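Student: What follows is a protein structure lacking sequence information:
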(Lines give C-alpha, C1' and ligand atoms only; values in the text may rest on other atoms or scores of the structure.)
Protein backbone atom coordinates (compact mmCIF):
# COMPACT_ATOMS: atom_id res chain seq x y z
CA UNK A 1 0.00 0.00 0.00
CA UNK A 2 2.70 2.46 1.05
CA UNK A 3 4.67 1.74 -2.12
CA UNK A 4 1.76 2.63 -4.37
CA UNK A 5 1.20 5.83 -2.39
CA UNK A 6 4.87 6.75 -2.72
CA UNK A 7 4.74 6.05 -6.45
CA UNK A 8 1.80 8.41 -6.83
CA UNK A 9 3.61 11.03 -4.78
CA UNK A 10 6.68 10.76 -6.95
CA UNK A 11 4.59 10.83 -10.10
CA UNK A 12 3.31 14.26 -9.04
CA UNK A 13 -0.22 13.03 -8.31
CA UNK A 14 -0.66 14.25 -4.73
CA UNK A 15 -4.44 14.19 -4.73
CA UNK A 16 -4.57 10.53 -5.73
CA UNK A 17 -1.85 9.71 -3.22
CA UNK A 18 -3.85 11.43 -0.51
CA UNK A 19 -7.03 9.63 -1.54
CA UNK A 20 -5.25 6.34 -0.80
CA UNK A 21 -3.36 7.59 2.20
CA UNK A 22 -6.28 8.91 4.23
CA UNK A 23 -8.34 5.70 4.52
CA UNK A 24 -5.15 3.75 5.30
CA UNK A 25 -3.91 6.11 8.00
CA UNK A 26 -6.94 7.99 9.30
CA UNK A 27 -7.63 5.77 12.33
CA UNK A 28 -3.95 5.49 13.20
CA UNK A 29 -3.34 9.23 12.95
CA UNK A 30 -6.52 9.94 14.89
CA UNK A 31 -5.66 7.34 17.58
CA UNK A 32 -2.17 8.72 17.98
CA UNK A 33 -3.47 12.29 18.24
CA UNK A 34 -6.20 11.23 20.66
CA UNK A 35 -3.68 9.43 22.88
CA UNK A 36 -1.76 12.68 23.20
CA UNK A 37 -4.66 15.13 23.43
CA UNK A 38 -7.43 13.13 25.21
CA UNK A 39 -9.95 15.15 23.25
CA UNK A 40 -11.86 13.92 20.22
CA UNK A 41 -12.52 17.28 18.58
CA UNK A 42 -8.91 18.35 19.02
CA UNK A 43 -7.67 14.99 17.71
CA UNK A 44 -9.95 15.39 14.68
CA UNK A 45 -8.52 18.87 14.01
CA UNK A 46 -4.98 17.59 14.38
CA UNK A 47 -5.67 14.65 12.05
CA UNK A 48 -6.96 17.10 9.42
CA UNK A 49 -3.90 19.29 9.88
CA UNK A 50 -1.61 16.27 9.61
CA UNK A 51 -3.04 15.20 6.26
CA UNK A 52 -2.85 18.76 4.95
CA UNK A 53 0.79 18.94 6.02
CA UNK A 54 1.51 15.57 4.42
CA UNK A 55 -0.17 16.69 1.21
CA UNK A 56 1.84 19.91 1.19
CA UNK A 57 5.08 18.10 1.97
CA UNK A 58 4.80 15.22 -0.51
CA UNK A 59 7.68 16.75 -2.48
CA UNK A 60 9.96 16.84 0.53
CA UNK A 61 9.48 13.15 1.41
CA UNK A 62 12.85 11.65 0.50
CA UNK A 63 12.13 8.01 1.31
CA UNK A 64 14.88 7.73 3.94
CA UNK A 65 12.31 6.94 6.63
CA UNK A 66 9.32 4.71 6.08
CA UNK A 67 6.21 6.57 4.96
CA UNK A 68 4.42 5.52 8.15
CA UNK A 69 7.27 6.73 10.34
CA UNK A 70 7.23 10.08 8.55
CA UNK A 71 3.48 10.47 8.99
CA UNK A 72 3.61 9.47 12.68
CA UNK A 73 6.38 11.98 13.33
CA UNK A 74 4.25 14.73 11.74
CA UNK A 75 1.29 13.58 13.83
CA UNK A 76 3.20 13.58 17.11
CA UNK A 77 4.67 17.01 16.43
CA UNK A 78 1.34 18.48 15.39
CA UNK A 79 -0.49 16.99 18.38
CA UNK A 80 2.17 18.13 20.83
CA UNK A 81 2.02 21.60 19.27
CA UNK A 82 -1.75 21.65 19.71
CA UNK A 83 -1.38 20.47 23.30
CA UNK A 84 1.12 23.24 24.08
CA UNK A 85 -1.12 25.82 22.48
CA UNK A 86 -4.06 24.62 24.56
CA UNK A 87 -1.97 24.57 27.75
CA UNK A 88 -0.93 28.16 27.09
CA UNK A 89 -4.52 29.21 26.56
CA UNK A 90 -5.64 27.47 29.73
CA UNK A 91 -2.76 28.82 31.81
CA UNK A 92 -3.58 32.33 30.64
CA UNK A 93 -7.17 31.93 31.73
CA UNK A 94 -8.67 32.37 35.17
CA UNK A 95 -8.47 29.29 37.45
CA UNK A 96 -12.22 28.75 37.34
CA UNK A 97 -12.09 28.77 33.52
CA UNK A 98 -9.43 26.05 33.67
CA UNK A 99 -11.78 24.00 35.82
CA UNK A 100 -14.52 24.46 33.24
CA UNK A 101 -12.11 23.35 30.47
CA UNK A 102 -11.19 20.25 32.51
CA UNK A 103 -14.84 19.46 33.04
CA UNK A 104 -15.53 19.88 29.31
CA UNK A 105 -12.63 17.59 28.48
CA UNK A 106 -13.92 14.97 30.88
CA UNK A 107 -17.37 15.25 29.32
CA UNK A 108 -15.79 15.04 25.88
CA UNK A 109 -14.71 11.46 26.48
CA UNK A 110 -16.02 9.42 23.56
CA UNK A 111 -19.20 7.70 24.62
CA UNK A 112 -19.78 5.36 21.71
CA UNK A 113 -17.83 2.62 23.47
CA UNK A 114 -19.77 3.20 26.68
CA UNK A 115 -17.88 2.49 29.86
CA UNK A 116 -17.42 5.99 31.32
CA UNK A 117 -15.64 4.47 34.33
CA UNK A 118 -12.94 2.95 32.14
CA UNK A 119 -12.61 6.13 30.05
CA UNK A 120 -11.97 8.05 33.26
CA UNK A 121 -9.32 5.56 34.38
CA UNK A 122 -7.60 5.52 30.98
CA UNK A 123 -7.61 9.32 30.92
CA UNK A 124 -5.92 9.31 34.31
CA UNK A 125 -3.05 7.08 33.13
CA UNK A 126 0.40 8.63 32.66
CA UNK A 127 0.78 10.01 29.14
CA UNK A 128 2.92 7.29 27.56
CA UNK A 129 0.92 4.47 29.15
CA UNK A 130 -2.30 6.03 27.88
CA UNK A 131 -0.94 6.37 24.36
CA UNK A 132 0.19 2.73 24.33
CA UNK A 133 -3.21 1.55 25.58
CA UNK A 134 -5.19 3.61 23.06
CA UNK A 135 -3.11 2.42 20.11
CA UNK A 136 -2.97 -1.20 21.23
CA UNK A 137 -6.70 -1.66 21.79
CA UNK A 138 -7.97 0.59 19.01
CA UNK A 139 -7.13 -1.93 16.32
CA UNK A 140 -5.28 -4.78 18.06
CA UNK A 141 -2.04 -3.43 16.68
CA UNK A 142 1.27 -5.18 17.09
CA UNK A 143 3.74 -3.84 19.64
CA UNK A 144 6.14 -3.15 16.75
CA UNK A 145 3.55 -0.96 15.01
CA UNK A 146 2.90 0.96 18.21
CA UNK A 147 6.64 1.42 18.76
CA UNK A 148 6.86 2.90 15.26
CA UNK A 149 3.89 5.16 15.93
CA UNK A 150 5.19 6.43 19.24
CA UNK A 151 8.81 6.57 18.12
CA UNK A 152 10.04 4.47 21.02
CA UNK A 153 11.68 1.05 21.46
CA UNK A 154 9.53 -2.08 21.43
CA UNK A 155 10.47 -3.04 24.99
CA UNK A 156 9.49 0.40 26.27
CA UNK A 157 6.07 0.00 24.69
CA UNK A 158 5.71 -3.43 26.30
CA UNK A 159 6.59 -1.96 29.68
CA UNK A 160 4.12 0.93 29.30
CA UNK A 161 1.38 -1.45 28.24
CA UNK A 162 2.07 -3.88 31.07
CA UNK A 163 2.09 -1.12 33.68
CA UNK A 164 -1.05 0.46 32.24
CA UNK A 165 -2.99 -2.79 32.37
CA UNK A 166 -1.85 -3.48 35.93
CA UNK A 167 -2.80 0.04 36.95
CA UNK A 168 -6.21 -0.18 35.30
CA UNK A 169 -6.92 -3.58 36.86
CA UNK A 170 -5.90 -2.25 40.27
CA UNK A 171 -8.04 0.86 39.89
CA UNK A 172 -11.06 -1.20 38.82
CA UNK A 173 -10.58 -3.47 41.87
CA UNK A 174 -10.37 -0.44 44.12
CA UNK A 175 -13.57 0.99 42.56
CA UNK A 176 -15.34 -2.33 43.12
CA UNK A 177 -14.25 -2.48 46.75
CA UNK A 178 -15.35 1.10 47.34
CA UNK A 179 -18.73 0.36 45.79
CA UNK A 180 -19.19 -2.81 47.90
CA UNK B 1 -1.04 -14.92 38.24
CA UNK B 2 -3.99 -17.17 39.17
CA UNK B 3 -6.98 -18.09 37.04
CA UNK B 4 -9.08 -15.35 38.61
CA UNK B 5 -6.48 -12.71 37.75
CA UNK B 6 -6.22 -14.04 34.20
CA UNK B 7 -9.96 -13.86 33.82
CA UNK B 8 -10.01 -10.32 35.20
CA UNK B 9 -7.27 -9.30 32.76
CA UNK B 10 -9.15 -10.86 29.85
CA UNK B 11 -12.28 -9.03 30.90
CA UNK B 12 -10.29 -5.80 31.05
CA UNK B 13 -8.83 -6.47 27.59
CA UNK B 14 -12.31 -7.04 26.20
CA UNK B 15 -13.66 -3.87 27.76
CA UNK B 16 -10.74 -1.87 26.37
CA UNK B 17 -11.14 -3.37 22.91
CA UNK B 18 -14.84 -2.58 22.89
CA UNK B 19 -14.22 0.91 24.20
CA UNK B 20 -11.61 1.84 21.61
CA UNK B 21 -13.18 0.03 18.66
CA UNK B 22 -15.22 3.12 17.82
CA UNK B 23 -12.35 5.57 18.30
CA UNK B 24 -12.19 7.30 14.94
CA UNK B 25 -12.41 10.72 13.37
CA UNK B 26 -15.82 12.36 13.11
CA UNK B 27 -18.02 11.37 10.16
CA UNK B 28 -17.29 13.25 6.95
CA UNK B 29 -13.59 13.47 7.72
CA UNK B 30 -12.54 12.86 4.11
CA UNK B 31 -15.06 15.36 2.75
CA UNK B 32 -13.89 18.05 5.14
CA UNK B 33 -10.28 17.31 4.26
CA UNK B 34 -10.99 17.46 0.53
CA UNK B 35 -12.75 20.80 0.97
CA UNK B 36 -9.85 22.16 2.98
CA UNK B 37 -7.30 21.01 0.43
CA UNK B 38 -9.38 22.35 -2.44
CA UNK B 39 -9.25 25.76 -0.78
CA UNK B 40 -5.50 25.48 -0.33
CA UNK B 41 -5.00 24.25 -3.87
CA UNK B 42 -6.63 27.40 -5.19
CA UNK B 43 -4.76 29.76 -2.90
CA UNK B 44 -1.13 28.64 -2.99
CA UNK B 45 0.29 30.43 -6.06
CA UNK B 46 -0.33 33.91 -4.65
CA UNK B 47 0.53 32.87 -1.12
CA UNK B 48 3.65 31.04 -2.16
CA UNK B 49 4.72 33.99 -4.31
CA UNK B 50 4.19 36.36 -1.38
CA UNK B 51 6.08 34.09 0.96
CA UNK B 52 8.97 33.69 -1.48
CA UNK B 53 9.09 37.45 -2.02
CA UNK B 54 9.18 38.01 1.73
CA UNK B 55 11.99 35.46 2.05
CA UNK B 56 13.93 37.11 -0.79
CA UNK B 57 13.45 40.53 0.80
CA UNK B 58 14.73 39.19 4.10
CA UNK B 59 17.74 37.56 2.38
CA UNK B 60 18.51 40.76 0.46
CA UNK B 61 18.29 42.84 3.64
CA UNK B 62 20.58 40.38 5.47
CA UNK B 63 23.11 40.49 2.61
CA UNK B 64 23.04 44.30 2.57
CA UNK B 65 23.52 44.37 6.35
CA UNK B 66 26.46 41.97 6.11
CA UNK B 67 28.02 44.06 3.31
CA UNK B 68 27.67 47.25 5.38
CA UNK B 69 29.28 45.54 8.36
CA UNK B 70 32.10 44.22 6.18
CA UNK B 71 32.64 47.70 4.71
CA UNK B 72 32.73 49.19 8.18
CA UNK B 73 35.19 46.52 9.35
CA UNK B 74 37.48 47.17 6.34
CA UNK B 75 37.33 50.93 6.94
CA UNK B 76 38.15 50.52 10.64
CA UNK B 77 40.97 48.10 9.81
CA UNK B 78 42.30 50.53 7.18
CA UNK B 79 42.27 53.50 9.55
CA UNK B 80 43.78 51.32 12.27
CA UNK B 81 46.47 50.16 9.86
CA UNK B 82 47.32 53.73 8.85
CA UNK B 83 47.50 54.81 12.49
CA UNK B 84 49.65 51.79 13.30
CA UNK B 85 52.03 52.61 10.45
CA UNK B 86 52.11 56.28 11.56
CA UNK B 87 52.79 55.27 15.16
CA UNK B 88 55.00 52.21 14.85
CA UNK B 89 56.72 52.45 11.44
CA UNK B 90 59.96 54.09 12.70
CA UNK B 91 60.32 51.53 15.50
CA UNK B 92 59.51 48.62 13.17
CA UNK B 93 62.06 49.91 10.64
CA UNK B 94 64.72 50.05 13.36
CA UNK B 95 63.75 46.56 14.57
CA UNK B 96 63.85 45.23 10.99
CA UNK B 97 67.27 46.74 10.33
CA UNK B 98 68.58 45.32 13.62
CA UNK B 99 67.12 41.91 12.75
CA UNK B 100 68.76 41.92 9.32
CA UNK B 101 72.09 42.71 10.94
CA UNK B 102 71.81 39.99 13.61
CA UNK B 103 69.90 37.25 11.80
CA UNK B 104 70.55 35.89 8.34
CA UNK B 105 68.61 37.62 5.52
CA UNK B 106 66.84 34.40 4.56
CA UNK B 107 65.40 33.97 8.09
CA UNK B 108 64.12 37.55 8.04
CA UNK B 109 62.67 37.02 4.54
CA UNK B 110 60.85 33.82 5.57
CA UNK B 111 59.58 35.46 8.74
CA UNK B 112 58.22 38.43 6.79
CA UNK B 113 56.59 36.15 4.23
CA UNK B 114 55.08 34.03 7.05
CA UNK B 115 53.50 37.07 8.73
CA UNK B 116 52.15 38.33 5.38
CA UNK B 117 50.74 34.89 4.51
CA UNK B 118 49.03 34.57 7.91
CA UNK B 119 47.45 38.01 7.49
CA UNK B 120 46.29 37.15 3.97
CA UNK B 121 44.86 33.83 5.19
CA UNK B 122 42.91 35.61 7.95
CA UNK B 123 41.48 38.18 5.52
CA UNK B 124 40.47 35.51 2.99
CA UNK B 125 38.81 33.36 5.65
CA UNK B 126 36.92 36.41 6.90
CA UNK B 127 35.32 36.69 3.46
CA UNK B 128 34.65 32.94 3.25
CA UNK B 129 37.27 32.37 0.55
CA UNK B 130 39.12 29.10 0.93
CA UNK B 131 42.76 30.07 0.18
CA UNK B 132 43.44 26.57 -1.17
CA UNK B 133 41.06 27.24 -4.07
CA UNK B 134 43.32 30.15 -5.16
CA UNK B 135 46.19 27.78 -5.80
CA UNK B 136 43.93 25.09 -7.24
CA UNK B 137 44.38 22.68 -4.31
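Tutor: Structure's in. What do you need? Small disclaimer: the values here were computed from a predicted structure and weren't measured.
Student: Spell out which residues of chain B are next to chain A.
Tutor: Proximity of chain B to chain A (CB under 8 Å from any CB of the partner chain) is limited to residues B:5, B:8-9, B:12-13, B:15-26, B:29-30, B:32-33, B:36-37, B:40. For glycine as for every other residue, the C-beta is placed from the backbone atoms N, C-alpha and C.
Student: now the residues you listed: which count as buried?
Tutor: Buried members of the residues of chain B next to chain A, scored by 16 or more other CB atoms under 10 Å in any protein chain shown, are B:12, B:15-16, B:19-20, B:23-25, B:29, B:33, B:37.
Student: for chain A, which spans come out with low pLDDT?
Tutor: By pLDDT under 70, the weakly predicted segments of chain A are A:90-113.
Student: should've said chain B
Tutor: For chain B, applying pLDDT under 70 flags the ranges B:1-3, B:43-49, B:128, B:131-137.
Student: in it, which spans are helices?
Tutor: Remark: helices assigned in chain B by DSSP state H are B:3-21, B:29-42, B:44-102, B:105-126, B:131-134.
Student: tell me what the fourth one is packed against?
Tutor: For helix B:105-126, the packing partners by 3 or more CB pairs under 8 Å, 6 or more residues apart in numbering or on different chains; DSSP states H and E come out as helix B:44-102, helix B:131-134.
Student: Now for the residue most central in space within chain A: which residues touch it?
Tutor: The residue lying closest to the centre of chain A (CA atoms, centre = their mean) is residue A:32, at 1.8 Å. Residue A:32 is in contact with A:72, A:75-76, A:79, A:131, A:135, A:149-150, counting by CB atoms under 8 Å, 6 or more residues apart in numbering or on different chains.
Student: again, 6 Å this time
Tutor: Residues near residue A:32 by CB atoms under 6 Å, 6 or more residues apart in numbering or on different chains: A:75, A:149.
Student: what element comes up after the helix or strand containing it heading to the C-terminus?
Tutor: According to DSSP states H and E, residue A:32 maps onto helix A:14-37. Where DSSP H and E defines the elements, the next helix or strand beyond helix A:14-37 is helix A:40-56.
Student: what sits up against that next one?
Tutor: Outside helix A:40-56, the residues that touch it by CB under 6 Å, 6+ apart are A:14, A:18, A:22, A:29-30, A:33-34, A:37, A:74-75, A:78-79, A:82, A:108, A:110, B:25-26, B:33, B:37.
Student: Only whichever of those are buried, select them in PyMOL.
Tutor: Per 16+ other CB under 10 Å, the buried members of those correspond to this PyMOL selection:
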select buried, (chain A and resi 14+18+22+29+30+33+34+37+74+75+78+79+82+110) or (chain B and resi 25+33+37)
